[in-house]
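>>> I would like the atomic coordinates for the input below:
(one chain, ligands or ions: 1)
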Amino acid sequence: NPKKQWSLNDFEIGKPLGKGKFGRVYLAREVKSGFIVALKVIFKEQIEKYRLHHQLKREMEIQTSLRHPNVLRLYGWFHDEERIYLILEYAHRGELYRELRKTGRLSEKQAAIYIASLTQALAYCHEKHVIHRDIKPENLLLDHEGRLKIADFGWSVQSRSKRHTMCGTLDYLAPEMVENKAHDYAVDNWTLGILCYEFLYGVPPFEAERQTDTFRRIMKVDLSFPSTPDVSAEAKNLISQLLVKDSSKRLSLQKITEHPWIIKNVTSHDTII
Ligand SMILES: Cc1cc(Nc2nc(/C=C/c3ccccc3)nc3cc(N4CCN(C)CC4)ccc23)n[nH]1
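Numbering: from 1, shown residues only. Down below sits the predicted model:
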């Protein structure tokens, strides 16, 4: 229940799942119910040192308010002297990018299912005036049914106006973000194009040795499709309609769900549950 005041005594802490910038994430079990969660522990001095108090507060408000099958739940939080604890939904199959590294790349059907799930999650976030801005494989988790969950709303913002803040690694950033220009919801549409390419080819489209080269390739939208693996024309068509420099010309989330490649590969039951 959301109003309960949680404390560390309510949980048995399990193995560490990963280490983020500001603390670690642990497997944990709520003692009374036996309910499994992921407990994200953040050190207050780290937050104060980088003056991220307001950003963390915003991440928590945003993630608490979002309820969608493809958005990782933030059930609640508590703090003690030195740390803040976020009680997060546990995704049993871990990080999507590890699956991507293991298999190299995904089948067109699997890639389309993930893109359709992400599109539905983003459409939900955008109607709640939330731009995620940092969708990348590291922020995508898989639950026990292999359903995709967007995690880590650290860089998302409640937005009614244009945003001007720099964030994230370059590979996934839209030109207007890389140029530090005003940007809006359409940055997430660009990122869907990046992810779709990476799901199918195993690497992001503008990858380069040095960040300056990635920057240049993004600004030029220097997009090319290798001859192998052999990727369908529909998939390339969708990617080409998302990786468009003019953000107003990118395919809308609605149009993505209606795209032939999505229709062909995703029967609705895969993503609706
Ligand atoms: C918030 C959250 C995480 C989570 N689940 C998992 N997170 C992370 C790695 C997490 C992490 C956290 C911070 C920084 C880096 C990684 N790794 C996981 C690895 C998992 N396994 C079980 C399945 N195995 C095949 C691979 C290892 C399962 C769940 C994981 N659910 N909810």
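>>> which residues does whichever residue of the stretch 51-200 of the chain sits closest to the ligand contact?
The nearest approach of the stretch 51-200 of the chain to the ligand comes at G94, 2.9 Å away (Cβ to the nearest ligand atom). Every C-beta, even on glycine, is put in place using the N, C-alpha and C of the backbone. Taking Cβ atoms under 8 Å, 6 or more residues apart in numbering, we find G94 in contact with 17, 141-142.
>>> got it, and L141?
Applying Cβ under 8 Å, 6+ apart, we find L141 in contact with 72, 91, 93-96, 148-149, 151.
>>> buried ones from these, can you make that a PyMOL selection?
Remark: buried members of the contacts of L141, expressed as a PyMOL selection using 16 or more other Cβ atoms under 10 Å:
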select buried, resi 72+91+95+96+148+149+151
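>>> could the contacts of L141 be laid out in JSON lines, adding secondary structure, distance to N265 and pLDDT?
JSON lines is the format used below for the contacts of L141 (DSSP: H, G, I helix; E, B strand; the rest coil; distance: Cβ to Cβ, whole Å; pLDDT from 0 to 100):
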{"residue": "L72", "secondary structure": "coil", "distance to N265": "24", "pLDDT": "94"}
{"residue": "A91", "secondary structure": "coil", "distance to N265": "23", "pLDDT": "96"}
{"residue": "R93", "secondary structure": "coil", "distance to N265": "21", "pLDDT": "95"}
{"residue": "G94", "secondary structure": "coil", "distance to N265": "24", "pLDDT": "94"}
{"residue": "E95", "secondary structure": "strand", "distance to N265": "23", "pLDDT": "92"}
{"residue": "L96", "secondary structure": "helix", "distance to N265": "17", "pLDDT": "93"}
{"residue": "L148", "secondary structure": "strand", "distance to N265": "15", "pLDDT": "96"}
{"residue": "K149", "secondary structure": "strand", "distance to N265": "20", "pLDDT": "95"}
{"residue": "A151", "secondary structure": "coil", "distance to N265": "24", "pLDDT": "88"}
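>>> how about low-confidence regions in this structure?
Residues of the chain meeting the criterion pLDDT under 70: 1-2, 132-133, 153-168, 182-183, 268-273.
>>> and the contacts of the helix ranked longest in it?
Assignment by DSSP state H gives helix 108-127 as the longest helix of the chain. By Cβ under 8 Å, 6+ apart, the residues outside helix 108-127 that reach it are 66, 68, 70-71, 96, 106, 131-132, 135, 140, 147-148, 150, 156, 185, 188-189, 192, 195-196, 199-200, 231-232, 235, 238, 253-254, 256-257, 261-262, 264-266, 270-271.
>>> okay, now the sheet partners of the helix or strand following that helix, with direction.
Using DSSP states H and E, the helix or strand that follows helix 108-127 in sequence is strand 130-131. Strand 130-131 pairs in its sheet with strand 157-158 (antiparallel), by DSSP bridges.
>>> next secondary structure after the partner strand?
Assignment by DSSP H and E places the next element after strand 157-158 at helix 175-178.
>>> how far out from the middle of the chain is that next one?
Centroid displacement of helix 175-178 relative to its chain, using Cα atoms, centre = their mean, to the nearest Å, is 18 Å.
>>> show me what it is packed up against.
Helix 175-178 sits against helix 186-201, helix 211-220, with contacts defined as 3 or more Cβ pairs under 8 Å, 6 or more residues apart in numbering; DSSP states H and E.
>>> thinking again about what came up before, filter the contacts of G94 by proximity to the ligand?
Counting by Cβ under 6 Å from any ligand atom, 17, 141 from these sit close to the ligand.
>>> dump the contacts of G94 to a markdown table, plus secondary structure.
A markdown table is the format used below for the contacts of G94 (DSSP: H, G, I helix; E, B strand; the rest coil):
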| residue | secondary structure |
| --- | --- |
| L17 | strand |
| L141 | strand |
| L142 | strand |
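>>> and which of the contacts of G94 is nearest to F225?
Checking the contacts of G94 against F225 by Cβ to Cβ gives L142 as the nearest, at 26.7 Å.
>>> quick one, what contacts the closest one?
91-96, 99, 148-149.
>>> before we move on, back to that, identify, out of the helices and strands packed on helix 175-178, the most deeply packed stretch.
helix 186-201 (a mean of 24; mean count of other Cβ atoms under 10 Å).
>>> which other helices and strands contact that helix?
Looks like helix 186-201 contacts helix 108-127, helix 175-178, helix 233-242, helix 253-257 (3+ Cβ pairs under 8 Å, 6+ apart).
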